[in-house]
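>>> Sequence and predicted model, in that order:
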Amino acid sequence: MGSLEVFHLREKVIGKKGAATTCPYCGGPVLAWEFDAHMLFCFIPISHKTKTKFICTVCSTRLVPSH
């Protein structure tokens, strides 16, 4: 028997650029990745967002910006 996936998140990288900061853990450079995210419900798109994720290039830690 197979299982049916009801919700699916599809992300596609649309750009990446250097952020003007360093990693607090290792001191390495940080990249800002921009994603185009689509939430699908039974193959029907229900949500569309553009997300930005900050990732260290040395230790691969995902960083959360503080406001």
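Happy to help now that I have it. Numbers count the residues shown, from 1 in each chain.
>>> partners of Thr22 in the sheet?
Thr22 forms beta bridges with Pro29, as assigned by DSSP bridges.
>>> got a list of what it touches?
Thr22 is in contact with 28-30, counting by Cβ atoms under 8 Å, 6 or more residues apart in numbering. Where you see a C-beta, it was placed from the backbone N, CA and C, and this is true even at glycine.
>>> repeat that with 10 Å
28-30, 56, 58 (Cβ atoms under 10 Å, 6 or more residues apart in numbering).
>>> Could you list the low-confidence segments of this structure?
Low-confidence segments of the chain (pLDDT under 70): 1-4, 67.
>>> Okay, and the closest residue in space to Gly28 that isn't next to it in sequence sits in which element?
Spatial nearest neighbour of Gly28, chain neighbours left out: Val58 (3.0 Å); criterion: Cβ to Cβ, 6 or more residues apart in numbering. Using DSSP states H and E, Val58 is not contained in any helix or strand.
>>> how about Val58, what does it touch?
By Cβ under 10 Å, 6+ apart, the contact set of Val58 is 22-23, 25-30.
>>> Restricted to buried residues, select the contacts of Thr22 in PyMOL.
Remark: buried members of the contacts of Thr22, expressed as a PyMOL selection using 16 or more other Cβ atoms under 10 Å:
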select buried, resi 30+56
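>>> Could you identify the most distant pair in the contacts of Thr22?
Val30 and Val58 (9.3 Å; Cβ to Cβ).
>>> Pull up the overlap in contacts between these two.
Shared contacts of Val30 and Val58 (Cβ under 10 Å, 6+ apart): 22-23.
>>> related to what we said a few turns ago, now the contacts of Thr22 as CSV including distance to Thr50?
Formatted as CSV, those follow (distance: Cβ to Cβ, whole Å):
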residue, distance to Thr50
Gly28, 25
Pro29, 23
Val30, 19
Cys56, 22
Val58, 26
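>>> out of the contacts of Thr22, who's nearest His8?
Cys56 (28.2 Å).
>>> pretty sure that closest one is touching Leu63, no?
Yes - in this structure, Cys56 is within contact of Leu63 by Cβ atoms under 10 Å, at 6.5 Å.
>>> Quick check: chain neighbours aside, which residue is closest to the residue nearest to the spatial centre of the chain?
For the chain, Lys53 is the residue whose C-alpha lies nearest the centre (Cα atoms, centre = their mean; 4.6 Å). In space, and not counting its chain neighbours, Lys53 is closest to Trp33: 4.8 Å by Cβ to Cβ, 6+ apart.
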